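Engineer: A structural model of the following input is requested.
(chains A and B)
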Amino acid sequence: MPPHHARHSSAARRNMTSSTPNSMAAGQASYDPAAVERKWQERWRVERTNSPDLDGAEHPFYQLMMFPYPSAEGLHIGNVFAFTGNDIHGRFQRLQGHTVFEPIGFDAFGIHSENYALKVGIHPMELIPRNIENFRRQLRRVGLMVDWTHELSTTDPPYYKWTQWIFLKLLERGLAYRGKAAVNWCPSCKTVLANEQVVNGACERCGTPVGQRFLEQWFFRITEYAPRLLADLDWIDWSEVTRTAQRNWIGKSEGAEIEFAFRAPMSGASVRVFTTRPDTIFGATYVVLAPEHPLVDMVTTASEQRVVRAYVDRAAKRDLVARKTGDREKTGVFTGGFVTNPATGAPVPVWVADYVLMEYGTGAIMAVPGHDERDFEFAGRFGLPIVRVVAAKGEGVDTPLASAYTDNVGGRLVNSGQFDGLTVPEGKERIVAWLAGRGAAKATTTYRLHDWTISRQRYWGPPIPVIYCDECGMQAVPEKDLPVVLPYVADFRPDDSGISPLARHEEWYRVPCPECGKMARRETDVSDTFLDSAWYFLRYPSTEFEDRAFDAGRTKRWLPVDSYIGGNEHAVLHLLYTRFVTMVLHDAGYLNFEEPFKKFRAHGLIIRDGAKMSKTKGNVVNPDEYIERWGADTLRTYLMYLGPFDEGGDFRDSGISGVKRFLDRLWASSHEMRSDGAPDDAVMRKLHRTIRKVTEDTARLSYNTAIAAMMEYMNTLRSNERVPHRAEVEPLVQLVAPYAPHVADELWERLGHPDTIFSSRWPSFDPSLATEEEIEVAVQVNGKLRGTLRVARDVTQDQVLAAALAVPAIAKFASGTPKKVIFVPGRLLNIVW
RNA sequence: GCCCGGGUGGCGAAACGGCAGACGCGAGGGACUUAAAAUCCCUUUCCCUUUGCGGGGAGUGCGGGUUCGAUUCCCGCCCCGGGCACCA
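Structural biologist: Numbers count the residues shown, from 1 in each chain, chains lettered A, B, ... in the order given. As a prediction, this is how the structure comes out:
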């Protein structure tokens, strides 16, 4: 149901095209967002308003938003929310005098695109450009300050040439390697997934339970960077939630590796375990190996061979889902072998159980059932001894353990020989030192983070630039031969073989060896999409250079990114890989910074009717509809007004009319205002307070309260049908500009300014005007509010107290001299009798 | 289970430890108008009391605590959302 202005729209449009500066007084047209937005989007394009001088900017500001994946469904309202939040910040910085670069691009490679292409039966090379075109159209309508001359798509050969180049840099530095490994295999997408892409044991993309496969894969040695990736989190200016997520993902654990020597008949060998609780070693009553552990065969005695073999086989077949989720009932088998507890000298049995994971620590643990829940459960189930070695206050060696006692702060060591009575931290240190002295232990740090699997047995990605030669072995594709272009192949469907579709195209993969010239074979896997997006921000300022990934001068001027705002769903994927790649390029001498973003802020999620938007739920909001009905300016401002930007919010139709009304009133005020005489003093004070608040709130992304402040000022401007003065209105148009750029530019022009409002300077506030002369002070008696007083701003405590005592409603509580008087200047007076 | 968020009117939400509910939506009433729209004005947490003006009390998920004063800080719970999940 289009609002009131619909029937005026054609008249409005006529009026607008003929409007000239200063024509406002004559025949004001009502606000027609569609016409205004069309006009200004065109003007900005023609005048290149949003293309900064990348080489000459004196105060560069790089505002980066997370580039979208161009889905067939088109732009999502969540994208609009995120981009608007970025755009407001970028426009605000520009009004502050910065030269702002706000680029956008498309993250168009990857499984998501490819799966959709398979579903609709259209080749991605046709589908993706179509989707991108639709995204461009929609993005333009939102009115973003995007520099379209630096647009990029990860699927363009001039872009992925450099993605491949980055792969080669990692290869050169020994950070890319091939290895056969148990990998997550999605049977539906028929490809390998990184750990980060497995959600609850299922494929992040399609939801199919993920299985386990052993495949030869390319890995990036991100674990080598774990300590640095972790350390920098202490100082980078990022949202705390994101830093915490990364910290947890990297998962640093300090502890020790301890050797448990095998007993006869295998004397001489030993198994190394990792533990974070070396203090509990006197309570280690058995040792557990992961089923994949290389020592399993060796330790297993002849009599146990059959059972152990069967268990190991079953574990190998059991996919990672069943093992990592669902029923977690502990299982395991005894190997028949024994090792010696290096602290007690006692023999302890060696078991195999799948609750121990090969990929973490050493793949073997010392089990301390008394002080570890999992070990407690396992020991209970298999009748293994449970020994107490830590006791809380009031407990002794013999206090029975109904469950594992895992507290590592309050307890004291017991049953631990010479170490009895120590606290847990003391025990850790002393026991490790003691064992280390005998060569049986060393303090170590372990990380949860795994190396990054980047091979994808799929079609839609950049081919990994490597050639295998029977004579010379694995060869990197020489830089001059980049890009290795992804060929158009009609049959790009993956199959169960675990081999990439490109491996079916001999005409493509047969190439001469760059070293010896004999026929060799290209790598037929492509790389993970997350590699594409790990460096895109480096490319934007340099899109016109074909002979380098990023130009040194441009990079020096524009990077690192000043402000990056995006969804926290990327906290441990994109944002971690990006930091890693940046560090590697820094170490390789290509960048002089190792952290890519000076500032990162996570925004919230837009939901609908309390639920995440999805096609199946049918609650997807199409931005086009809202832009048509209300205009982009209203939609933008409304999305920001919904709630705190970092929390997101529930998108409902109710409320959007209030924002439209606000812009209508801004329009009306700009036309009705008077220019003669002087502005109202009280209104001007309110204006300066508003400028201060909007400036502060916009800077810290508190958009909802900034908008509220502008609305409040609008109420002041128009209260009791007063006619506002030009000096009262004009600055408001500027304050609104980051939020509702089209209407602001239109009104700015109508106010007689020939240039875009975005080349004007943000209004400043006068601190003395921003302060009220008279203030209201709350008067409390014994902490309870009993009245308020209007007093001069700079009154003293005694003056307020005297005034308060003169008020009967307060004086009636008086009983002698007050025990205490608390005075908060400008706020309140509390009298305690 | 662990780690993050969050819980405030009919609704979305504000609130440096200092007048809880700004701003907006919705609802009700009024002015202007032939009428409508637009605009402007008033009311809108709950309970008690008062013919009215007014007065009193309770109240920010629950229970404690610190403080002259707590939505805000501390301790212990409950509920909702998200993430991680046998990580030794």
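Engineer: number of nearby residues for A:Gly461?
Structural biologist: By other Cβ atoms under 10 Å, the residues close to A:Gly461 number 29. (C-beta placed from N, C-alpha, C; glycine too.)
Engineer: scratch that, A:Trp762
Structural biologist: Neighbour count of A:Trp762, defined by other Cβ under 10 Å: 20.
Engineer: Now do the same for it: helix, strand or coil?
Structural biologist: coil (DSSP: H, G, I helix; E, B strand; the rest coil).
Engineer: For the closest residue to it other than its chain neighbours, give me its contacts.
Structural biologist: Leaving out its chain neighbours, the residue that sits closest to A:Trp762 by Cβ to Cβ, 6 or more residues apart in numbering is A:Leu95, at 4.0 Å. A:Leu95 sits next to A:Gln734, A:Ala737, A:Pro738, A:Phe758, A:Ser760, A:Arg761, A:Trp762 when contact means Cβ atoms under 8 Å, 6 or more residues apart in numbering.
Engineer: quick check, A:Ile607 in a strand?
Structural biologist: Yes. Judged by three-state DSSP, A:Ile607 forms part of a strand.
Engineer: give me the beta-bridge partners of it?
Structural biologist: When bridges are called by DSSP bridges, A:Ile607 pairs up with A:Asp650.
Engineer: just checking, A:Phe81 is part of a helix?
Structural biologist: Yes. When classified by three-state DSSP, A:Phe81 is found to be part of a helix.
Engineer: can you count the residues close to it?
Structural biologist: A:Phe81 has 26 neighbours, counted by other Cβ under 10 Å.
Engineer: Could you grab the helix/strand/coil label for A:Gly566?
Structural biologist: Going by three-state DSSP: A:Gly566 is strand.
Engineer: Highest neighbour count among the contacts of A:Leu95?
Structural biologist: Counting neighbours by other Cβ under 10 Å, A:Pro738 leads the contacts of A:Leu95 with 29 neighbours.
Engineer: State the three-state secondary structure for that residue.
Structural biologist: The three-state label given to A:Pro738 by three-state DSSP is coil.
Engineer: How far does stretch A:514-524 stretch from one end to the other?
Structural biologist: Stretch A:514-524 has an end-to-end distance of 17 Å (Cα to Cα, to the nearest Å).
Engineer: now swap in stretch A:355-369 and tell me
Structural biologist: Terminal residues of stretch A:355-369 are spaced 14 Å apart (Cα to Cα).
Engineer: Now it: buried residues?
Structural biologist: A:355-356, A:358, A:360-369 (16 or more other Cβ atoms under 10 Å).
Engineer: if we look at RNA strand B, which of those are close to it?
Structural biologist: For RNA strand B, the contacts drawn from the buried residues of stretch A:355-369 by Cβ under 7 Å from any atom of the strand are A:Tyr355, A:Val356, A:Met358, A:Tyr360, A:Gly361, A:Gly363, A:Ile365.
Engineer: Mind checking what secondary structure the third one has?
Structural biologist: The reference is to A:Met358. coil.
Engineer: The closest residue to RNA strand B within chain A: how many residues sit nearby?
Structural biologist: Distances between chain A and RNA strand B by Cβ to the nearest atom of the strand are smallest at A:Gly658, namely 2.4 Å. Here the number of neighbours of A:Gly658 (other Cβ under 10 Å) works out to 13.
Engineer: what secondary structure does it sit in?
Structural biologist: Quick answer, by three-state DSSP: A:Gly658 is helix.
Engineer: Next, the contact list for it, please.
Structural biologist: A:Tyr641.
Engineer: For chain A, give me the ranges with low pLDDT.
Structural biologist: A:1-28, A:194-197, A:199-201, A:318-328, A:498, A:609-611, A:614-618 (pLDDT under 70).
Engineer: If we use 50, what do you get?
Structural biologist: Applying pLDDT under 50 to chain A picks out residues A:1-27.
Engineer: what's the domain layout of it?
Structural biologist: Per the record, chain A has its domains at A:163-233+A:451-530, A:252-447, A:774-832, by automatic domain parsing.
Engineer: nearest to A:Trp162, of the ones next to RNA strand B among the buried residues of stretch A:355-369?
Structural biologist: Taking Cβ to Cβ as the measure, A:Trp162 lies nearest A:Tyr360 of those, at 34.7 Å.
Engineer: which residues touch the closest one?
Structural biologist: Shown here is A:Tyr360, whose contacts under the criterion Cβ under 8 Å, 6+ apart are A:Phe274, A:Thr446, A:Arg448.
Engineer: quick one: contacts for the residue sitting furthest away from the middle of chain A?
Structural biologist: The C-alpha centroid of chain A is most remote from A:Gly816, which lies 60.8 Å away (Cα atoms, centre = their mean). By Cβ under 8 Å, 6+ apart, the contact list for A:Gly816 reads A:Trp833.
Engineer: And what about it, helix, strand or coil?
Structural biologist: What three-state DSSP gives for A:Gly816 is coil.
Engineer: Next: the one 5 residues further on.
Structural biologist: Here A:Val821 is strand, with the state taken from three-state DSSP.
Engineer: Make sure it is actually in contact with A:Asn830.
Structural biologist: Yes. Taking Cβ atoms under 8 Å as the definition, A:Val821 is a contact partner of A:Asn830 at 7.1 Å.
Engineer: neighbour count winner among these two?
Structural biologist: Legend: neighbour count by other Cβ under 10 Å for A:Val821 and A:Asn830, higher for A:Asn830 (20 against 16).
Engineer: Which of the helices or strands spans the more buried one?
Structural biologist: Per DSSP states H and E: A:Asn830 is located in strand A:828-832.
Engineer: quick one: strands adjacent to that strand?
Structural biologist: strand A:774-781 (parallel), strand A:820-824 (antiparallel).
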